[in-house]
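>>> Sequence plus predicted model, see below.
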Amino acid sequence: MRLVIAEKRDQAKKLAAPFPHQEKDDCIEISPCPNFPKGGFITWAAGHLIELIDPEKYDPKYETWRFEDLPIIPDPFRHTVTREKSKLYNNIKTLVHDPRVTEITNACDPAREGSLICHLILKVAGNQKPVNRLWTKSLTPQAIKKAFDALIPEEEKIGLYYEAEARQRADWLVGMNLSRAYTLKLKEKKYNGHVFSVGRVQTALLSLIVKRELERESFVSTPFWEVYANFDMDGATYLGKWYTGGKDRIESYEKANALATHCSGKPATVEKVDVEQIEELPPQLFSMSSIQTAANKRYKFSPKQTDAVLQSLYLAEYISYPRTDNPYITEDDAQPLPLILEQIGKLPPYSGLLPAPMATLIGNQRYVNADKVSDHYALLPTEKVPDLKSLSDDEQKIYDMIVKRLIAAHYESALVEKTTIHTYVDNRFSFKTSGKRPLREGWRTVYAEEQKEDAPGDEELTAIPPIQAHQTGRTLAVETKEGKTTAPQRFTEGDLIPLMISAGRTIEDKELVSALKEAKGLGTESTRSGMIQTLKARKYIEVKSNLVYPTRLGRLIIEAVGESVLTSAEMTAQWEMRLAQIGKGKAAADDFIAEIKKLTAQLVSECGPNVSKMPDNRWEDNELTKGKGEPNKGEQAKGGGTSSPTGGSPGRKSGPVNLNASHAADNPTRAPYAGPASGSPPTAGTGTPVVNPSAPNVYLGTCPECAAGQIVDRGTFYGCLHYTEGCRFTFNKVISGVTITPDLIVELLETGQTPLISGFKKRGKENETFEAVLTIKSGKLSWRFPNWNAIKLPTRLLLPDDADKELSQEQHKQIRSLETACSTLKLPAKVVNVVNGPIITRYELTPDAMDINVKRFDTYKANFQMALQAERIAMQIPIPGTKHIGIEVPSPTPYVVNLRSLLENKEFLAKKESLSFPVGTDLHGKPVFANLAEMPHLLIAGTTGSGKSVCLGSIIVSLLFGNTPDELKFVFIDPKRVELIAYQSLPHLMLPVVTDMNRAEDALMKVIEEMESRYELFKDMRVNNIQSYNEKIMLDNPDNPKMPYLVVVIDEFASLMLTAKDKGMENIVIRLSQEARAAGIHMVLATQRPVAKVFSPTIKANLPTRISFMVTSTNESMVILDEPGAEGLLGKGDMYFKYRNLKKRLVSPFVSGPEINRVVSYILMKQSNQSGQPIAPH
């Protein structure tokens, strides 16, 4: 007798159906017949009955999770029966050892996992009987009989078993060890009560989801304008869209408006008319992945839901095996299709579509290609046609999709005619008009009554009038349409399937890409939907309105794993390449597992350092398992960016945004004043703001409009004192829900911009806020938003801050000491906030009662110093703009501020201009930024080890992060051949790095020549600076290359000047310092010794912006700062920054030599990839 082992009970019933049989509780007994001459039994599993044992079964010590026990490497691997499936296993084992059974047939799914399921059952059961393989892709009676007639020896498919077993063991090693490792390490960060599951496929998929979320969060929506013109050609009118090259958008409203104004009414000529016929082929047949994606798009079915419906239709024999990975069939599979379609044509929904124009698919390689069919062919309806009324609603929908794909394949291709008109206005500006008209509906007829989500190229069909080349006419109305770039859309649940399939696109190794492509990406057809369910069950993702959100828990584990092979598709590609070789008998499974053991040990060792850099848990458990936010209506539709109160986006590109377009309540400027409106100050009926007579006239700064009066606080608004003389400049004190304090106004009027301000409310969405910088230009207020697009290189090239910003035990002790001292001194107060700066710690206290005289705190300054055991303290009573008292002490745990954190700072991203860079942080950790173009030159001094060289590196690297080689050029002069030689291969260089002092003057003369050449260009273009020049050439053609900025960096400037033979070098430097700014040329001069002999009053007068690190004497401090103090700096980045006659004590950002090398290497690699050629060193 023969024993047949099926994968599931329903499958067993289908296998028994064509033969005489009797169903029993534990099996189906087959009576003797041609395929079972001696009769037989068909029994079943329920997926995997056998699993690898847990670690504690190897050794009881593993019951307690300890990091030092990892990795756990079984030798040998052992199996056990899954507890809840033991009854099924015992049934099969009994039949295996039944003396009547002489042979066994493996009838599990014809794939890798099906081979493993049966083999492990027989292995654990101790089978010694011969085994053969049933291989069928359909469960119709005809297909089953055909397969039993052609049973194949098990040895022919044994490679699939070895492949699946190797996959199972490798996943156990990585998943079991890494899940324990990350759970233990994250527990140290106070993430208690969670088991953090890590695995080859799930972690790579989760990483892609989290990456998309981070892309959305960092995305900056930028506005653009499109220009449309109406043309009249001898009475025939049509609409055209402006374009140049491959570009049809303009980033500046002023340029777009100027273009529209220029073109209106101008003569127009049709340059050419292109007419082409486009053939649109019918869509391919479904694979499991493609129907999961399509069902989600059309019906919002989850992949798991579609999987379940397919399985139901398959077991009912209405469709072929669903877990197929390709859209092709063989000629044998195509033979019965005409008869199947004939039966389907009797169903009402399809009677009007059949018979189809094409009788057969045989010979059509778009569908019939035996070379591309491996284990399973495309999804097809079978000859068993259902009564549609007997199907559930979901089953009807999925069955309909499969049937219509097959019917469409038997129709002709669709044919459309596409016409493109190219029209030139004023012989300068080009406009394009495109339209389509159908010539043949073809296969689209099948989808005529429903949404054409299957249709390739569903561009709207638009008729255009008959126009001939070289016709002339006139431009009628020209208009601009504003749009904005949108963030990458969130994935839908259906998107996750093709995302897993296409994961290999992120891999650069062509061999690995090929392997992953052959393996069809991450996971398999049968496991992908289950993997999505796993991420849901483990609360790593949430699905809301069909959109996928990573939870905080999901983001946490990806942050913990970091940049690892676990979070990339690369590991799966490498595995699948080796597993495929094992399956084909070209590689040994033992060798593969040996490599996985080494990889597991490596990944465990990397776990600790990654997690140690993370902050401690600050979330409640229920918050960890939630997504970061609910989708708004626009997000559900498109996944686009959010809107600002003016209809723009708080994340849009930095640049002026006219706030006057909003309603008065959100409008921070009203110049001129136009009468009463909501949010405006009260009026006396004359159009003049009513001045509060009790408001004190504290001068906040010079009026930006009249430049004569002073801005003062008028109670509910700020205004100019010269309003009685006609100056109408005023603006509200409250802007979009945020009160603009006087200190912010002072900074706004002095620098033209505020710090980054949080809490602005979106118009119409009171619960949603955003952050922005307020700027003022030509008397108009604007918003600027953090713009991640301003950073041109990935910040991962730089080290993140590894400083522990958490309070130390010493600081907690100081808090207790302060509060005890306050209580003892009868000044009860609590520390409500701690500013933990790199050098200074500030404790902010609030008195328990506000009726005490806070000046008494200053009386007891010595008591507080003694209580804190501090060398010195400083007090702020109160901290300006707050109800807090500040007590500052030297930090007991000073730390370094890495450059990366400042480049990623939102305020920097909002304020950033072309030559902006982080100068450093103040003693409390507040960042300070500057713009080299405004300085316009910079002088840096400091002794060896003081931080001068690191500062110079941070400035150069910051400028590289903000500018491409087309936007910025450098000239480096490095007599010591140490500091600047690292940049010698940069494509940003105008000249090779100058290391010979004798050639420095020649190099600077070339800079002079470049400056003079630029001024000649300015003269021809009738502009007077680089900004105006670039704006004008961009208006003529947005594709014109901009004039790049040029930064001249000279190290050891004093030595260079002292060795110069005459005054030629000094004269060149003075001339550049006086004349180069408007040409976009700026200098950064660095020296160890700021001596008076070199830095003459003339040079110093032209270099007003200076940075001083520690110098050797008071005299040197007088040279660099014009006052003593620099000689007392502490070194290691401690510095004074002198800008606009103000001196600030800061800490310079740190960037290391290896970081600089990584940045340079990345730029060279990127340039090489773009050009196709390696970059030759200068």
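On my side now, so go ahead. Residues are numbered from 1 along each chain as shown.
>>> Tell me the buried residues in stretch 950-969?
For stretch 950-969, a neighbour-count test (16 or more other Cβ atoms under 10 Å) marks 950-963, 965, 967-969 as buried. In short, each C-beta sits where N, CA and C put it, glycine included.
>>> would you put the C-alpha positions of it in CSV?
Coordinates of each C-alpha in stretch 950-969 appear next as CSV, following Å, rounded to 0.1, in the frame of the first residue of the first chain:
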residue,chain,number,x,y,z
VAL,A,950,39.5,71.3,13.9
CYS,A,951,37.5,74.6,13.4
LEU,A,952,39.0,75.1,9.9
GLY,A,953,38.0,71.5,9.1
SER,A,954,34.5,71.9,10.4
ILE,A,955,34.0,75.1,8.3
ILE,A,956,35.2,73.4,5.1
VAL,A,957,33.2,70.2,5.7
SER,A,958,30.0,72.3,6.5
LEU,A,959,30.4,74.2,3.2
LEU,A,960,30.9,70.8,1.3
PHE,A,961,27.7,69.5,2.9
GLY,A,962,25.8,72.6,1.6
ASN,A,963,27.2,72.9,-1.9
THR,A,964,27.8,70.8,-5.0
PRO,A,965,31.0,71.3,-7.1
ASP,A,966,28.9,73.4,-9.4
GLU,A,967,27.9,75.8,-6.6
LEU,A,968,31.1,76.2,-4.7
LYS,A,969,34.8,76.3,-5.6
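>>> just to revisit the earlier point, filter the buried residues of stretch 950-969 down to just the ones in strands.
Taking DSSP state E as the definition of strands, these contribute Leu968, Lys969.
>>> Among the buried residues of stretch 950-969, which are located in helices?
Members of the buried residues of stretch 950-969 lying in helices (criterion: DSSP state H): 950-962.
>>> Closest to the centroid, which residue in this protein?
Glu215 (2.2 Å; Cα atoms, centre = their mean).
>>> If you rank every helix and strand of this protein by mean pLDDT, what lands last?
In the chain, the helix or strand scored least confidently by mean pLDDT, DSSP states H and E is helix 633-637, which has a mean of 33.
>>> Return the distance of the closest residue to Ser736 other than its chain neighbours relative to Leu173.
With Cβ to Cβ, 6 or more residues apart in numbering as the criterion, Ser736 has its nearest non-adjacent residue at 4.3 Å, and that residue is Phe760. Note on Phe760: its distance to Leu173, by Cβ to Cβ, to the nearest Å, is 51 Å.
>>> the more surrounded of the two?
Set Phe760 next to Leu173 and count neighbours by other Cβ atoms under 10 Å: Leu173 wins out with 24 against 21.
>>> I figured the more buried one hits Lys597, correct?
Yes. Counting by Cβ atoms under 8 Å, Lys597 is a contact partner of Leu173 at 6.4 Å.
>>> Need the residues touching each of those two.
Pro71, Ile73 (Cβ atoms under 8 Å, 6 or more residues apart in numbering).
>>> And the helices in the stretch 1-150 of the chain?
For the stretch 1-150 of the chain, applying DSSP state H, counting those that start in this stretch gives helices covering 9-16, 55-58, 86-96, 112-125, 141-149.
>>> So which of those is the most surrounded?
With neighbours taken as mean count of other Cβ atoms under 10 Å, these reach their highest mean count in helix 112-125, at a mean of 22.
>>> Would you mind pulling the contact partners of that one?
For helix 112-125, using Cβ under 8 Å, 6+ apart, the contacting residues are 5, 7, 45, 47-50, 79, 81, 89, 92-93, 96-97, 104, 106, 108-109, 131, 157-158, 160-161, 163-165, 167-168, 524, 526, 583.
>>> on contacts alone, who are the packing partners of the longest helix along the chain?
Secondary structure of the chain per DSSP H: the longest helix is helix 158-188. Helix 158-188 sits against strand 50-52, helix 112-125, helix 200-218, helix 552-561, helix 570-583, helix 589-612, with contacts defined as 3 or more Cβ pairs under 8 Å, 6 or more residues apart in numbering; DSSP states H and E.
>>> Can you convert these into TSV and add a column each for mean pLDDT?
As requested, the helices and strands packed on helix 158-188 are exported to TSV (pLDDT from 0 to 100):
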stretch	mean pLDDT
strand 50-52	94
helix 112-125	92
helix 200-218	88
helix 552-561	89
helix 570-583	78
helix 589-612	89
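>>> Looking at those, spot the one closest to Pro1041.
Evaluated over the helices and strands packed on helix 158-188, closeness to Pro1041 peaks at helix 200-218, with 27.6 Å, by Cβ to Cβ.
>>> what's the angle from that closest one to helix 570-583?
150 degrees (axes from the mean of the first three to the mean of the last three Cα atoms, to 10 degrees).
>>> per-domain residue ranges of the chain.
Split into domains by automatic domain parsing, the chain comes to 2-150, 167-219+492-624, 223-281+415-484, 288-410, 642-779, 809-890, 963-1104.
>>> Ok, which of those domains comes nearest Val1147?
For these, the distance to Val1147 is smallest for domain 809-890, at 4.9 Å, taking Cβ to Cβ.
>>> same question for the closest one, mean pLDDT?
For domain 809-890, the mean per-residue pLDDT is 84.
>>> And stretch 152-161, by the same measure?
Computed over stretch 152-161, the mean pLDDT rounds to 91.
>>> rewinding a little: for the helices of the stretch 1-150 of the chain, give me JSON lines that also has distance to Lys1100.
Below are the helices of the stretch 1-150 of the chain laid out as JSON lines (distance: least, Cβ to Cβ, whole Å):
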{"stretch": "helix 9-16", "distance to Lys1100": "89"}
{"stretch": "helix 55-58", "distance to Lys1100": "71"}
{"stretch": "helix 86-96", "distance to Lys1100": "89"}
{"stretch": "helix 112-125", "distance to Lys1100": "77"}
{"stretch": "helix 141-149", "distance to Lys1100": "92"}
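>>> right, so of these, which gets closest to Ser901?
That would be helix 55-58 among the helices of the stretch 1-150 of the chain, by Cβ to Cβ, at 40.0 Å.
>>> For the closest one, output the C-alpha coordinates as PDB.
Backbone C-alpha positions of helix 55-58 (Å, rounded to 0.1, in the frame of the first residue of the first chain) are rendered in PDB as follows:
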ATOM      1  CA  PRO A  55      17.800  26.900  23.400                       C
ATOM      2  CA  GLU A  56      16.900  25.800  27.000                       C
ATOM      3  CA  LYS A  57      16.300  22.300  25.600                       C
ATOM      4  CA  TYR A  58      20.000  22.200  24.700                       C
END
